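Participant: pasting the sequence and the predicted coordinates here, then a few questions.
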Amino acid sequence: SNRVCAFSLIFGHVLSEVALFLLLLGFILVSFSTAAVALKSEDEDFSTIPRAAQSFLQMFLGMASSDQYMHLLDFPLLFTCVVLFTFVTGVYMVNLLVAQLACAYGLAYADMLGWARLKRGE
């Protein structure tokens, strides 16, 4: 019973941080997608906002093929946008998620210690 309570407490703290991360990822996907479409390149993967968002999401998840990246070399501004997106999501956001989860776990651990003290006092 104590383990279930501790798990639910940690899960609640961590889940809210993951939800914030996913919200930020969605915002960044929409931002970069609209920027890529505004460049008016002739690449069919970046012709509309949903297709551009799908392409960026594939790149974030590591599902894009090397041919997609090589094709982008023909469009220098679009390639710069993709490199910037990859840097922002691959470096900054992943480090931000790790920091958020570490902080959330620290707060949950402090809550668990307080909860254990209350239980011992009963």
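Facilitator: Noted; the coordinates are in hand. Not measured: the values here are computed from a predicted model.
Participant: going by C-alpha atoms from here, please, whenever you check contacts or count neighbours.
Facilitator: Fine.
Participant: hang on, isn't residue 18 packed against residue 97?
Facilitator: Yes: judged on Cα atoms under 8 Å, residue 18 makes contact with residue 97 at a distance of 7.5 Å.
Participant: quick one: name whatever helix or strand follows the host helix or strand of residue 77.
Facilitator: Per DSSP states H and E, residue 77 falls inside helix 76-87. Sequence-wise, the next helix or strand downstream of helix 76-87 (DSSP H and E) is helix 94-121.
Participant: tell me the mean pLDDT over that following helix?
Facilitator: For helix 94-121, mean pLDDT rounds to 78.
Participant: gap between the residue most central in space within the chain and residue 88?
Facilitator: Most central in the chain under Cα atoms, centre = their mean is residue 25, positioned 4.4 Å from the mean C-alpha point. Distance from residue 25 to residue 88, counting by Cα to Cα, to the nearest Å: 10 Å.
Participant: residue 27 too?
Facilitator: Here the criterion is Cα to Cα. By it, residue 27 lies 12 Å from residue 88.
Participant: pLDDT weak spots in the protein?
Facilitator: Residue ranges of the chain with pLDDT under 70: 1-3, 5, 113, 115-122.
Participant: next, the angle from the biggest helix by length in it to helix 94-121.
Facilitator: Longest helix in the chain, counting residues (DSSP state H): helix 2-38. Orientation check (axes from the mean of the first three to the mean of the last three Cα atoms, to 10 degrees): helix 2-38 against helix 94-121 gives 160 degrees.
Participant: so which elements touch helix 2-38?
Facilitator: helix 49-61, helix 76-87, helix 94-121 (3 or more Cα pairs under 8 Å, 6 or more residues apart in numbering; DSSP states H and E).
Participant: buried ones in that helix?
Facilitator: Burial within helix 2-38, assessed by neighbour count using 16 or more other Cα atoms under 10 Å, is assigned to 6, 9-10, 13-14, 17, 21, 25, 28-30, 32-37.
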